[in-house]
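1. pasting the structure only:
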């Protein structure tokens, strides 16, 4: 009990002592207060007083978090004045100056940590006002701004309760201060820290309120205009991440301004695409995907369909440059994969999807709005003269069975699946012929999977309505060869799902004739029925009669075929297996 009373007395003395006009007194009691704020008992006492909203006079000098913070603000103010009087030249005064700076930062950090120890109990409005006032001092208090920014980042903006309690005015004030500092030729403190705080502020505030978008549009336009000179990848990553968070939040209500921003900063981002590290490139890809969605919602090509650009000529030129960069990227990646022998793709799904969206738009620009005949030129100079589809075929042909073929197969699969109507009817036969050749020649399991997916996507393309007579389609012979080859390789481990999906699509689209071959393949299947296999069986039974007299080699423990319907009986036992007797 005596110890507790002593600690409370010490707390009252420390609270008064840190505001003393004497430097030695402030130093003594600030150190004592930091120790007291590590005490669970003292924290419980302050929590109790704060919860009952006690006033000093009504509770005999009881201290709350709010009262203590006012004393800390007074302490900071007096220490700042004292530090300003000390010399900045090396010597004893300089050492004392650095020590005082460190003590001020530690005092503020200790207070915030203590407030958060039992939950989010900071007097948030007062703390944010104090931080804003320090930031407004700019370079004069840059040393303190660094400490406060670290505290803001780690102990305030990371706490959901504080995020919800922050007002729109405070979000605007903080965001404006940090954006202004970032744009300075020589910011008052570390640009990486500034970029991190801006990223967090923009993403958190965008979810809570409507920011002053004019300020942020101006900031991102200026910040990104010279971004090619930025050498710190962390600064780039956080700046672009904040841009993406802002873009996603503002797209529904400010589509036009977002389009204008994208068209303005596009050249700088394209430069980053070619030169930056993977983490930065991911952020560039994300922003470009947002730009494609706001310029061309649902893949729209024309104004009537919903497409929009503030400057059509500029935007179309940007698309062409991005297409050339993507194709160059794929060529380069293909060469790297081919020489390294790695089987995995070096492009993430987001890049593949962006590439398919860009190709979809450029295909319209080149092949629809400005059609030009294909001119044969030496290899290496043909990319510009080829149609888009011819360029894609050339990329796949150059890979053949190499691991790099996966890159082109992924791109083709995504393009055909997402934009099936982008394939002209005249391009279907040569593409099918190429895919079938790759199907015959490839031996790699991953390649087989992607070939199956590409062929399935191609089979689903509505080039012509399904017919009741498969022989009426101009590609019937090729699809029949694909069917036969797929039946031979469908049992390959890890490719079975995609193989049966392809066979099912061929039947549903009525692109092939169904003979007895599928039953031969199915009857020797050693695996239990899977979803793709059952879907394939359903497609056969929906479109063709069951060959009752077919002698299958299905073997199940309790399958005893009847004389009248042997295949039907064995099929039933395959789909609904029972345990063997005594099993």
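-> The structure has been received and is ready for your questions. A quick note: this is a predicted structure, and the numbers were derived from the prediction, not measured.
2. Low-confidence regions, the stretch 401-550 of the chain specifically.
-> 401-402, 463-473, 493, 516, 520-527, 550 (pLDDT under 70).
3. List the buried residues of the helix or strand encompassing residue 77.
-> Taking DSSP states H and E as the definition, residue 77 sits inside helix 65-85. By neighbour count on 16 or more other C-beta atoms under 10 Å, the buried set for helix 65-85 is 65-69, 71-73, 75-76, 78-80, 82-83. All C-beta atoms are positioned from the backbone trio N, CA, C, and that covers glycine.
4. and the helix or strand just after that helix, which residues are buried?
-> Counting by DSSP H and E, the next helix or strand C-terminal to helix 65-85 is helix 92-116. The neighbour-count check on helix 92-116 (16+ other C-beta under 10 Å) flags 97, 100-101, 103-105, 107-112, 114-116 as buried.
5. Please apply the same query to stretch 149-156.
-> Buried, per 16+ other C-beta under 10 Å, within stretch 149-156: 149-153, 155-156.
6. Low-confidence regions, the stretch 151-300 of the chain specifically.
-> In the stretch 151-300 of the chain, residues with pLDDT under 70: 211-212.
7. if we can go back for a sec, pLDDT averaged over the helix holding residue 77, what's the number?
-> In this model, helix 65-85 has a mean pLDDT of 92.
8. Next: stretch 316-336.
-> 90.
9. circling back: from the buried residues of helix 92-116, which two are the most distant?
-> Spatially, the most separated pair among these is 97 and 116, at 29.7 Å (C-beta to C-beta).
10. Which elements pack onto the host helix or strand of residue 415?
-> Assignment of secondary structure by DSSP H and E places residue 415 within helix 405-418. Contacts defined by 3 or more C-beta pairs under 8 Å, 6 or more residues apart in numbering; DSSP states H and E place helix 405-418 against helix 312-340, helix 349-364, helix 388-399, helix 428-441, helix 445-460.
11. Report the angle between that helix and helix 349-364.
-> 60 degrees (axes from the mean of the first three to the mean of the last three C-alpha atoms, to 10 degrees).
12. Return the angle between stretch directions for helix 405-418 and helix 312-340.
-> 140 degrees.
13. got a list of what the closest residue in space to residue 39 that isn't next to it in sequence touches?
-> With sequence-adjacent residues excluded and distances taken as C-beta to C-beta, 6 or more residues apart in numbering, residue 39 is closest to residue 7, at 6.5 Å. Residue 7 makes contacts with 36, 39, 41-42, as judged by C-beta atoms under 8 Å, 6 or more residues apart in numbering.
14. For residue 207, see how far away the residue nearest in space to the middle of the chain is.
-> Geometric centre of the chain, nearest residue: residue 286, 6.3 Å, by C-alpha atoms, centre = their mean. Counting by C-beta to C-beta, to the nearest Å, the gap from residue 286 to residue 207 is 17 Å.
15. helix or strand for residue 173, which one?
-> helix 168-183.
16. helices or strands up against that helix?
-> Helix 168-183 packs on helix 124-136, helix 191-206, helix 213-225, going by 3+ C-beta pairs under 8 Å, 6+ apart.
17. how far out from the middle of the chain is the first one?
-> The reference is to helix 124-136. 33 Å (C-alpha atoms, centre = their mean, to the nearest Å).
18. Can you list the neighbours in contact with it?
-> If you take C-beta under 8 Å, 6+ apart as the criterion, helix 124-136 is touched by 66, 69-70, 73, 76, 112, 141, 144-145, 148, 152, 156, 162, 165-167, 170, 173-174, 177-178, 181.
19. Distance of residue 129 relative to residue 354?
-> In terms of C-beta to C-beta, residue 129 sits 43 Å off from residue 354.
20. Between these two, which is the more surrounded one?
-> Neighbour comparison, residue 129 and residue 354: the larger count goes to residue 354, with 22 against 14 (by other C-beta atoms under 10 Å).
21. Tell me how far that one lies from residue 306.
-> From residue 354 to residue 306 the distance is 19 Å (C-beta to C-beta).
22. same thing with residue 287?
-> Taken as C-beta to C-beta, the span from residue 287 to residue 306 is 21 Å.
23. picking that back up, quick one: which of the buried residues of stretch 149-156 is nearest residue 219?
-> When these are compared for distance to residue 219 (C-beta to C-beta), residue 149 wins out at 17.2 Å.
24. Verify the stated contact: the closest one with residue 200.
-> No - taking contacts as C-beta atoms under 8 Å, residue 149 lies outside contact range of residue 200: 10.3 Å.
25. thinking again about what came up before, mind checking the helices and strands packed on helix 168-183 for the one nearest to residue 427?
-> helix 213-225 (37.8 Å).
26. counting contacts, what elements does the helix or strand just after that closest one pack onto?
-> Next helix or strand after helix 213-225 toward the C-terminus (DSSP H and E): helix 233-250. Under the contact criterion of 3+ C-beta pairs under 8 Å, 6+ apart, helix 233-250 touches helix 191-206, helix 213-225, helix 255-275, helix 278-295.
27. quick one, which of these is nearest to residue 397?
-> So among the helices and strands packed on helix 233-250, helix 255-275 is nearest, using C-beta to C-beta, at 25.3 Å.
28. in the closest one, what's buried?
-> Here helix 255-275 shows 257-266, 268-270, 272-273 as buried, counting by 16+ other C-beta under 10 Å.
29. Touching that helix from outside, list them.
-> 213, 217, 220-221, 224-228, 236, 240, 247, 250-251, 280-281, 284-285, 287-288, 290-291, 294-295, 308-311, 314-315, 318, 321-322, 325, 329.
30. follow-up on the earlier one: how about the helices and strands packed on helix 233-250 in TSV, adding distance to residue 475?
-> As requested, the helices and strands packed on helix 233-250 are exported to TSV (distance: least, C-beta to C-beta, whole Å):
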stretch	distance to residue 475
helix 191-206	50
helix 213-225	48
helix 255-275	37
helix 278-295	31
